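*Asks:* Below are the sequence and a predicted model; questions follow.
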Number of protein chains: 2
Amino acid sequence: MNKGAQTRAAILDHAVAIAGVHGLAGMSIARLAGVTGMSKSGLFGHFGSKAALQRAVLETAAEQLARSVLGPAQREPTGEARLRSLFSRWLAWIDADERPGGCPLLFASIELAERPGELRDFLVDHQEIWIDRIRQMCQKAVAEGNFREGLDTRQFAFEFHGIGLGFNFARRFLADSRALTHANTALDRLIAAAS
Amino acid sequence: MNKGAQTRAAILDHAVAIAGVHGLAGMSIARLAGVTGMSKSGLFGHFGSKAALQRAVLETAAEQLARSVLGPAQREPTGEARLRSLFSRWLAWIDADERPGGCPLLFASIELAERPGELRDFLVDHQEIWIDRIRQMCQKAVAEGNFREGLDTRQFAFEFHGIGLGFNFARRFLADSRALTHANTALDRLIAAAS
């Protein structure tokens, strides 16, 4: 990685953290200049526009999620093991100390709900693929005979995802110390019902 | 209601709708002036500060939710009937056309996650009470013998709430036409497991 690419990557790490706390709209160039110590014009030089910076933030967060959550889970041998690994890694990602605001992608999905455009399209694609990966892991567990034949795998993916959103809310907003136990119990119940 | 109170209420209806799309941070006085046709100084005259306006928006949304969702559900005779009524009314509230951005309280709970202060305290209190109402309805169903003895009612409330968040995500962000069916199926499964 050359120096320009290193600087860009370092800026994006800060930008992802800011977007988790303040959202894409609140991730101003001024705020980013403050935490990186760079000038606004220097930041513009790396990204060209606020829209391009926002897009790069979503791409960076999506790559981090793929690297630390989805990738390792995909390497588990069975469908159920993949689902359990994905779940525990996803919860750890949501609750990670290095991103004080939680998952910037979940924040952005609320922010962009009613804002058609390229950013929203990118994030919808990403989230649809994410939910489809859950469905595929579930389908693999069916094929392995671990989950029952005829299981509605889309329904399973919807409920799996909802438990994660419930954890994000209980942990990040309510600071509920029982959030992790509740989420794990809910997952066990979902998997038992599918088996 | 005198004229001043009527004007204030009309402004707040617009402000709640804006907060659902743009969040509390994006509900600027300038944006509100644009949709109400009032001057910025006129708006300040009604609320005194942006912080007071934000607080009034959260209070108004919470009152609307109490009036159209919680109140009618509380008047159902049994715990299970209350839960089912609360659920269907909550989903309708999330999906209502008059609030194009969805529930402003859910948006604010993401926005305020890492912003300590009076606004966050108000919203945390409100959401804790909301989740406790779900728990109480569940407890009533246990007392009536409809749900099983020893049921973990906090766990039930966590899962009930997660299904609603999953619906909000699937409906509002992904525009998934199956969201309502998935949410209703998940609720049926949750209630069946509690019975």
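*Replies:* Nice, thanks for sending it over.
*Asks:* what helices or strands is the biggest helix by length in chain A leaning on?
*Replies:* Secondary structure of chain A per DSSP state H: the longest helix is helix A:118-143. If contacts are counted by 3 or more CB pairs under 8 Å, 6 or more residues apart in numbering or on different chains; DSSP states H and E, helix A:118-143 sits against helix A:50-65, helix A:79-94, helix A:104-111, helix A:153-168. In short, each C-beta sits where N, CA and C put it, glycine included.
*Asks:* quick one: average pLDDT of the shortest one?
*Replies:* What that stands for is helix A:104-111. Per-residue pLDDT values over helix A:104-111 give a mean of 92.
*Asks:* Equivalent analysis for stretch A:137-157, please.
*Replies:* Per-residue scores along stretch A:137-157 average to 98.
*Asks:* And for stretch A:23-39?
*Replies:* Stretch A:23-39 comes out with an average pLDDT of 90.
*Asks:* any idea how far that stretch is from the chain center?
*Replies:* The chain centroid and the centroid of stretch A:23-39 are separated by 21 Å under CA atoms, centre = their mean, to the nearest Å.
*Asks:* again, but for stretch A:145-161
*Replies:* That offset, for stretch A:145-161, works out to 21 Å (CA atoms, centre = their mean).
*Asks:* dump the residue contacts of the closest residue in space to residue A:154 that isn't next to it in sequence.
*Replies:* Setting aside the residues directly before and after it, residue A:154 is nearest to residue A:135 in space (CB to CB, 6 or more residues apart in numbering or on different chains), at 5.9 Å. By CB atoms under 8 Å, 6 or more residues apart in numbering or on different chains, the contact set of residue A:135 is A:153-154, A:156-157.
*Asks:* any idea how far residue A:135 is from residue A:125?
*Replies:* 15 Å (CB to CB, to the nearest Å).
*Asks:* Could I get the contacting residues of residue A:1?
*Replies:* Taking CB under 8 Å, 6+ apart, one finds residue A:9 in contact with residue A:1.
*Asks:* How about residue A:148?
*Replies:* Listed by CB under 8 Å, 6+ apart, the contact partners of residue A:148 are A:142, A:194-195.
*Asks:* quick check, nearest of these to residue B:11?
*Replies:* Nearest to residue B:11, judged by CB to CB, of those is residue A:194 at 49.3 Å.
*Asks:* and the nearest residue to the closest one once chain neighbours are set aside, what are its phi and psi?
*Replies:* Using CB to CB, 6+ apart and skipping the chain neighbours, the partner closest in space to residue A:194 is residue A:147 (4.5 Å). Torsion angles at residue A:147 (phi, psi; degrees, to the nearest 10) stand at phi -100, psi 150.
*Asks:* Flag every buried residue along the longest helix of chain A.
*Replies:* Buried residues in helix A:118-143, counted by 16 or more other CB atoms under 10 Å in any protein chain shown: A:119-120, A:122-124, A:126-127, A:130-131, A:133-135, A:137-142.
*Asks:* what's the distance between residue A:63 and chain B?
*Replies:* Distance, residue A:63 to chain B, by CB to the nearest CB, to the nearest Å: 20 Å.
*Asks:* ok, back up a step: and among the helices and strands packed on helix A:118-143, the most buried is which?
*Replies:* helix A:104-111 (a mean of 25; mean count of other CB atoms under 10 Å in any protein chain shown).
*Asks:* Residue A:116: what's it in contact with?
*Replies:* Per CB under 8 Å, 6+ apart, neighbours of residue A:116: none.
*Asks:* for it, helix, strand, or coil?
*Replies:* Secondary structure assignment for residue A:116 (DSSP: H, G, I helix; E, B strand; the rest coil): coil.
*Asks:* State the number of residues packed around the residue nearest to residue A:194.
*Replies:* 23 (other CB atoms under 10 Å in any protein chain shown).
*Asks:* pretty sure it contacts residue A:137?
*Replies:* No: here residue A:147 does not reach residue A:137: they are 9.9 Å apart, not a contact under CB atoms under 8 Å.
*Asks:* shared neighbours of those two, anything?
*Replies:* residue A:79.
*Asks:* hmm, back to that, ok, of the contacts of residue A:148, which one's closest to chain B?
*Replies:* Nearest to chain B among the contacts of residue A:148: residue A:194, at 10.5 Å, using CB to the nearest CB.
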